[in-house]
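Colleague: For reference, the sequence and a predicted model appear below.
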2 protein chains.
Amino acid sequence: MAGGVGGARLVDGLAAVLPRQSLTVIVNTADDFTHLGMRISPDLDTVCYTLARLANPRTGWGRDHETWHMLDELQQLGGPTWFRMGDRDLATHLERTRRLAAGERLSAITADFCTAWRVRTAVLPMTDQAVSTIVDTKEMGPLTFQAYFVMHGWRPRITGFRLKGIRSARPAPGLLSALAGADGVIICPSNPWVSISPILAVKGIRAALEGKKIIAVSPIIGGRAVRGPAAKMYRELGIHPSALAVARHYEGLASHFVLDRVDSPLVASIRKLGMAPVITQTMMKSSTGRRRLAQVVLHSIGYKR
Amino acid sequence: MAGGVGGARLVDGLAAVLPRQSLTVIVNTADDFTHLGMRISPDLDTVCYTLARLANPRTGWGRDHETWHMLDELQQLGGPTWFRMGDRDLATHLERTRRLAAGERLSAITADFCTAWRVRTAVLPMTDQAVSTIVDTKEMGPLTFQAYFVMHGWRPRITGFRLKGIRSARPAPGLLSALAGADGVIICPSNPWVSISPILAVKGIRAALEGKKIIAVSPIIGGRAVRGPAAKMYRELGIHPSALAVARHYEGLASHFVLDRVDSPLVASIRKLGMAPVITQTMMKSSTGRRRLAQVVLHSIGYKR
């Protein structure tokens, strides 16, 4: 289960070390939104671009070798440029939107895109229905996720989250059977509040996880999020941000919990939550780092090739 | 009144020789269509890009210094690439679509785009309502104009034309008052069937032309269209393609008719239609050619600076 950049990096490592057809990625789609008439799926695109070796290695999101001519011209016209879309990236949004408008499912479109990009790993949106994370903020009231995250640079202080459309959302085709057949489930180092919680909130997914080996990787290292607002969110909700706070998020769900060496003092507390702690270096600074973390994760839950 | 490339070139010449605020361009919008979720106005864009010095001088349409990364990626995804849209050009379509979806009028959007592009000439769509030219063809039945023109490269043989939505179309704001105050009306060398006829078919426009000096420029030279399907259309409708056929198109409307030197044998026949013939070189091979033709046209209807 994965959200954006951090999730995509571990997914990339897993895809590199696992044999073909043994990995299914379930991706958060609650960040999806409609912008300039286009349906945009930021987390799906980040995961797919990363697996396809098309991602910008510096930002982690968007396309490599990208140009920005549309956006430059849009600015000239006074249009909304707060959401950065490169020229190559646009094709993904336009074609996705065209096919959704023609009545196709997001999961089927994603599968075809992956084929076109020669991605061999199965990538599934959590659901084919539209779900939107609404971030309640002190300063600006409710904001859609991308307005909070990109337009306002996650500056507003949060008071809570809601998932619009979650009640009507059903797991994407193939998702429950992938979970049923899985030897283990890996919760990537993605934001627990806005990347993983939406996936777990889709009807049927939590039930399908019962009795599974589930290993979660902390996106918080030494009290800080590697990137993004996870630590800030914990603080604003009155919770001390730490790997332990992340572990509590997955209490009763995860059987194993991966935390960074710098957080080893938390091991006893993790054990008390009923999880087997796994200490390793969790920062993924290179493709070697991605593969190494993937191997540690797989080894911890007893996966053997 | 103008359609695509030929019209845009004379408009460009007129804008160059006329004082500011003395020219209003009325542009065909019956070629407009929706593609990849975007509302595209090919003739408006060609006229505006030409006036803004943003047009590709080789093709006459689209943007200069253009890149095609979106389209390359769209092809990779198996999307529809028959309509060529460059990366810079996309901003126009996306922003227009965004503003139309927000309830704004095409004429207001066009005016703002012209301001952003520093176009000083007033450019008006013929109407703010959606009108679509449907081309009836022998081989493929009814086709929307861009499907006929671009997708099928104007190969299907035509049997007639219809204008979907024309009954609900009203002249764009400012159009009738511009006509009322005009010393003269110039019908550019655009396709009479699919560029000029739709403008004339908008309710109220023909009536506003009563008693005006109207000068039409033939887009057919020596029996051939300078570009596009005008001559082929005449043939398929059983009419010998010539400047005379174009003049007949405007019989009872135009007071003056501009035809190329090579067509001077037609002068007597033009006179019989009640029009004053104007013989000149009508090919516009350079910006000098555009200005020269503009001056001949203006001089013919007695315009003095």
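Modeller: Perfect, thanks for sending it.

Colleague: Please count neighbours and contacts with C-alpha atoms only from this point.
Modeller: OK.

Colleague: which non-adjacent residue is nearest residue A:24?
Modeller: Nearest non-adjacent residue to residue A:24, counting by Cα to Cα, 6 or more residues apart in numbering or on different chains: residue A:122, 4.8 Å away.

Colleague: just checking, residue A:267 touches residue A:280?
Modeller: No. Residue A:267 is not in contact with residue A:280 according to Cα atoms under 8 Å; the separation is 11.8 Å.

Colleague: Looking at the two, which one has more neighbours?
Modeller: Neighbour count, other Cα atoms under 10 Å in any protein chain shown: between residue A:267 and residue A:280, residue A:267 has more, with 20 against 17.

Colleague: what's the neighbour count on the residue nearest to residue A:24?
Modeller: Neighbours around residue A:122, by other Cα under 10 Å: 20.

Colleague: Ramachandran angles for residue A:227?
Modeller: phi -160, psi 160 (degrees, to the nearest 10).

Colleague: Return the residues in contact with it.
Modeller: Contacts for residue A:227 (Cα atoms under 8 Å, 6 or more residues apart in numbering or on different chains) come out as residue A:6.

Colleague: Quick check: buried residues in stretch A:46-58?
Modeller: In terms of neighbour count (16 or more other Cα atoms under 10 Å in any protein chain shown), stretch A:46-58 has its buried residues at A:46-52, A:54-56.

Colleague: quick one: average confidence on that stretch?
Modeller: Mean pLDDT, computed over stretch A:46-58, is 96.

Colleague: Between its first and last residues, how far does it reach?
Modeller: Stretch A:46-58 has an end-to-end distance of 13 Å (criterion: Cα to Cα, to the nearest Å).

Colleague: So is that stretch next to chain B?
Modeller: No. Contact of stretch A:46-58 with chain B (Cα under 8 Å from any Cα of the partner chain) is absent, the minimum separation being 11.3 Å.

Colleague: burial count for residue A:272?
Modeller: Number of residues near residue A:272 (other Cα under 10 Å) recorded here: 10.

Colleague: May I see the buried residues of stretch A:46-58 organised as CSV, with secondary structure added?
Modeller: As requested, the buried residues of stretch A:46-58 are exported to CSV (DSSP: H, G, I helix; E, B strand; the rest coil):
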residue, secondary structure
A:46, helix
A:47, helix
A:48, helix
A:49, helix
A:50, helix
A:51, helix
A:52, coil
A:54, coil
A:55, strand
A:56, coil
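
Colleague: picking that back up, which residues does the residue nearest to residue A:24 contact?
Modeller: Contacts for residue A:122 (Cα under 8 Å, 6+ apart) come out as A:21, A:23-25, A:111.

Colleague: Which ones among these lie within strands?
Modeller: A:24-25 (DSSP state E).

Colleague: Scan the contacts of residue A:122 and report the most crowded one.
Modeller: Highest neighbour count within the contacts of residue A:122, by other Cα under 10 Å: residue A:25, with 27 neighbours.

Colleague: Now that one. Nearest residue, chain neighbours left out?
Modeller: Excluding the flanking residues, the one nearest residue A:25 by Cα to Cα, 6+ apart is residue A:123, at 4.8 Å.

Colleague: cool, and residue A:250?
Modeller: Here the residue nearest residue A:250, using Cα to Cα, 6+ apart, is residue A:216, at 7.7 Å.

Colleague: Does that neighbour touch residue A:256 like I think?
Modeller: Yes. With contacts counted by Cα under 8 Å, residue A:216 reaches residue A:256, the gap being 6.4 Å.

Colleague: What residues does the stretch 101-250 of chain A have near chain B?
Modeller: A:112-113, A:116-117.

Colleague: Let's have those residues in CSV, adding neighbour count, secondary structure and pLDDT.
Modeller: Output for those, formatted as CSV (neighbours: other Cα atoms under 10 Å in any protein chain shown; DSSP: H, G, I helix; E, B strand; the rest coil; pLDDT from 0 to 100):
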residue, neighbour count, secondary structure, pLDDT
A:112, 15, helix, 98
A:113, 20, helix, 98
A:116, 15, helix, 98
A:117, 18, coil, 98
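
Colleague: Most widely separated two among those?
Modeller: Based on Cα to Cα, the longest span within those runs between A:112 and A:117 and measures 8.6 Å.

Colleague: So what are the sheet partners of the strand or helix carrying the residue nearest to residue A:250 and their directions?
Modeller: Following DSSP states H and E, one finds residue A:216 within strand A:214-217. Take DSSP bridges as the rule and strand A:214-217 pairs in its sheet with strand A:185-187 (parallel), strand A:256-260 (parallel).

Colleague: Give me the helices and strands touching the next helix or strand after that strand, please.
Modeller: Next along the chain after strand A:214-217, taking DSSP H and E as the criterion, comes strand A:220-221. Using 3 or more Cα pairs under 8 Å, 6 or more residues apart in numbering or on different chains; DSSP states H and E, the elements in contact with strand A:220-221 are helix A:243-249.

Colleague: Quick one: mean pLDDT for the helix it packs on?
Modeller: 97.

Colleague: hey, C-alpha coordinates of it in PDB?
Modeller: Coordinates of each C-alpha in helix A:243-249 appear next as PDB, following Å, rounded to 0.1, in the frame of the first residue of the first chain:
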ATOM      1  CA  ALA A 243       7.800   6.500  14.700                       C
ATOM      2  CA  LEU A 244       5.900   5.400  17.800                       C
ATOM      3  CA  ALA A 245       3.000   7.700  16.800                       C
ATOM      4  CA  VAL A 246       3.000   6.000  13.400                       C
ATOM      5  CA  ALA A 247       3.100   2.600  15.000                       C
ATOM      6  CA  ARG A 248       0.000   3.500  17.100                       C
ATOM      7  CA  HIS A 249      -1.700   4.400  13.800                       C
END
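
Colleague: how far does that helix sit from the chain's center?
Modeller: 17 Å (Cα atoms, centre = their mean, to the nearest Å).

Colleague: Residue A:117: what's it in contact with?
Modeller: For residue A:117, the contact set (Cα under 8 Å, 6+ apart) comprises A:52, B:76-77.

Colleague: Same question for residue A:123.
Modeller: Contact analysis of residue A:123 by Cα under 8 Å, 6+ apart lists A:24-27, A:48, A:110-111, A:114.

Colleague: circling back to that earlier point, quick one: which of residue A:216 and residue A:256 has more around it?
Modeller: Taking neighbours as other Cα under 10 Å, residue A:216 and residue A:256 compare with residue A:216 leading, 28 against 24.

Colleague: And the pLDDT for that one?
Modeller: pLDDT, residue A:216: 98.

Colleague: try residue A:95
Modeller: Residue A:95 is assigned a pLDDT of 98 by the prediction.

Colleague: which SS class is it?
Modeller: Residue A:95 falls in the helix class when you classify it by three-state DSSP.

Colleague: cool, and residue A:13?
Modeller: helix.

Colleague: sorry, back to before: just put the strands paired with strand A:214-217 in JSON lines and tack on mean pLDDT and distance to residue B:191.
Modeller: Below are those laid out as JSON lines (pLDDT from 0 to 100; distance: least, Cα to Cα, whole Å):
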{"stretch": "strand A:185-187", "mean pLDDT": "98", "distance to residue B:191": "62"}
{"stretch": "strand A:256-260", "mean pLDDT": "98", "distance to residue B:191": "70"}
